[in-house]
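K.L.:
Sequence isn't available, so here's the structure alone:
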């Protein structure tokens, strides 16, 4: 793993460097025009964010019920990454919406659910930072709730309103667009895996440092 | 001691404490009325608000007043560390959670019994036209809100920054409750009420309650031991 | 219930920290049924943390606490029912009357004859006349007496007292000493933290001193408890 990590970092950088060429050469979508190309980053970022939220809640549940401190380190890293990738989604979304719908923000189902989930994990991080001692367990409960919340948010916001292009866009994509899309998706997932590993390792180092600090007076 | 007896003992204690001071009901009800008033300035035009605005105002008032009530109910348990004393008792801890939840929910329903007629009166909203469905929405919505709120308020009882953190944790997680409450109520308030839509929202609230009460029962024990 | 009973309390190499602050540091001791143990030490030395861990409200960061042969997790609910705690914050509802406070906890502890238990406790606390008054109108001493009876309601095997002499006048502290001796005779393990060394002088079987989270037994020898404590702190 340790030796593989730098190799994967190089691969990830190369993929992100190559992605713009693929995207530029992908066919021009006739109705949307140039802005459609945001799709190649926007959708992978959104998928990564929901993957990360899922990872965070599972890890938090393992931490709470299995009392494994290692799971908490994964949970906190995944929660931070959820917020990070959520930011990418929430920035690229309006950029596209401005051109496609003529407004920066629409209270559409997916945008709103993304925003709600993003806020849930923001509150996780806030609680962790300002909650004082013992807040690791409390924030874990927030993450578990966050995981259970996804279907409810999705369902309720969906019933409330929908203007977003549906999920069926991806499978019906033109074959020549599908290639670059999956390439970008892979790049995002790789980036996510690397960031998660690095952040979890940092957290593990910090835990070891704390243990050393506490053992200092022995 | 059986689970249900513990629930009853804890709930009864909370209600006796409240009848002595009436502090929670009084302050949260007044706060709810103030919320209604403040939002009325934003929504009422030419002396009338549309039916959707009345629904929104009602649920915002419930949510805000609920936060106030939750914070105060758990402040009481913290004052003399009685929450610790209850945790020490040889009873299943989830029963303590359900007891506190039942107490909070009762107080919330009392507040709503005052606020709902007030909104009906001030906004000429037909809240009592389909009284059973409306009562169902209020009951299911308040249960979900109080279920999440009781867990977080209990967890935050020993945290320093609980006053600011409680709404920050509670609001994002209860957004489905607010959406369902507002939309379900608005469906009932329309000139010709859309009953199937209101029923669909009620179903969603009931399933939210089921999932989040179950989760809270699981999470209460591990989050209450440090 | 019987299976959860125990006759000794053992701290084995218990460490507890909050973040980087260390509250307890490799604390090891054992006390047996029928013993009164005093935990001495300055403010912030870790006395309350020690009591919270013994009460199962806190879990140690390292080391283990055993009640007889079982841990708090093995003992579960039944074990909690054998522990009585008089905390610094008294665990009473100010809005409720003395009788209601006791009755609430008696019900929570699943006692059968709540009314008899409550009136017996009120008699012992010498609060029978003001049983119907809210605790908020009580003086500190009255609350302290009531809180002690609340902790003793279910005749616990392990009694944990945090500064029980605070706010008590001479008569009341005499009554408290008598109550502690009674518990001792009935086979309870009594752990007391206090600054009031004179009050417990005659009661204590063993004592140890907490200094910055470390526990050391107070040396036996001549002189009063305070003199021994002084010389311990100095050395």
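P.N.:
That came through, no problem. Note that this is a predicted model, so its numbers are computed, not measured.
K.L.:
Mind splitting chain C into its structural domains?
P.N.:
Domain segmentation of chain C under automatic domain parsing yields C:2-82+C:156-234, C:95-155.
K.L.:
anything in the helix or strand hosting residue A:111 near chain C?
P.N.:
Using DSSP states H and E, residue A:111 sits within helix A:109-130. No: Helix A:109-130 does not reach chain C (Cβ under 8 Å from any Cβ of the partner chain); its nearest approach is 12.6 Å. Every residue, glycine included, has its C-beta placed from N, CA and C.
K.L.:
any idea which helix or strand comes after that helix?
P.N.:
Following helix A:109-130 in sequence, per DSSP H and E, is helix A:135-160.
K.L.:
Could you give me the buried positions within the helix or strand encompassing residue B:28?
P.N.:
For residue B:28, the element it lies in under DSSP H and E is helix B:23-43. Applying a neighbour-count criterion of 16 or more other Cβ atoms under 10 Å in any protein chain shown, one finds B:24, B:25, B:28, B:29, B:31, B:32, B:33, B:35, B:36, B:39, B:40 buried in helix B:23-43.
K.L.:
which is the next helix or strand following that helix?
P.N.:
helix B:51-79.
K.L.:
quick check: angle from that following helix to helix B:23-43?
P.N.:
Here helix B:51-79 runs at an angle of 150 degrees relative to helix B:23-43 (axes from the mean of the first three to the mean of the last three Cα atoms, to 10 degrees).
K.L.:
Give me the buried positions along helix B:51-79.
P.N.:
In helix B:51-79, counting by 16+ other Cβ under 10 Å, buried: B:51-74, B:76-78.
K.L.:
near chain C, which of these show up?
P.N.:
Near chain C, judged by Cβ under 8 Å from any Cβ, the entries from these are residue B:76.
K.L.:
How about residue C:154, nearest residue that isn't a chain neighbour?
P.N.:
residue C:109 (4.5 Å; Cβ to Cβ, 6 or more residues apart in numbering or on different chains).
K.L.:
Give me the below-cutoff pLDDT ranges for the chain.
P.N.:
Just going to use chain A. Of all residues in chain A, those with pLDDT under 70 make up the ranges A:1, A:29-33, A:161-175, A:217-218.
K.L.:
The intended chain is chain C.
P.N.:
In chain C, residues with pLDDT under 70: C:1-3.
K.L.:
So which residues of it form helices?
P.N.:
In chain C, the helices defined using DSSP state H lie at C:47-54, C:72-80, C:98-108, C:114-124, C:140-152, C:170-185, C:197-200, C:225-234.
K.L.:
re the thing from before, neighbours of the residue nearest to residue C:154, just the number please.
P.N.:
Using other Cβ atoms under 10 Å in any protein chain shown, residue C:109 has 20 neighbouring residues.
K.L.:
what do you get for residue B:196?
P.N.:
Neighbour number of residue B:196 under other Cβ under 10 Å is 8.
K.L.:
So it: helix, strand or coil?
P.N.:
helix (DSSP: H, G, I helix; E, B strand; the rest coil).
K.L.:
measure the residue in chain C that chain B sits nearest to to residue C:160 for me?
P.N.:
Ranked by Cβ to the nearest Cβ, the top residue of chain C for proximity to chain B is residue C:81, at 3.0 Å. Residue C:81 sits 14 Å away from residue C:160, going by Cβ to Cβ, to the nearest Å.
K.L.:
So for the two, which sits in the more crowded spot?
P.N.:
residue C:160 (26 against 23).
K.L.:
Name all residues that make contact with that one.
P.N.:
C:51, C:54, C:55, C:83, C:84, C:85, C:86, C:191 (Cβ atoms under 8 Å, 6 or more residues apart in numbering or on different chains).
K.L.:
can I get those residues in TSV with neighbour count and distance to residue C:216?
P.N.:
Shown next, in TSV, are the contacts of residue C:160 (neighbours: other Cβ atoms under 10 Å in any protein chain shown; distance: Cβ to Cβ, whole Å):
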residue	neighbour count	distance to residue C:216
C:51	22	18
C:54	23	18
C:55	21	23
C:83	25	25
C:84	24	27
C:85	25	25
C:86	23	25
C:191	24	16
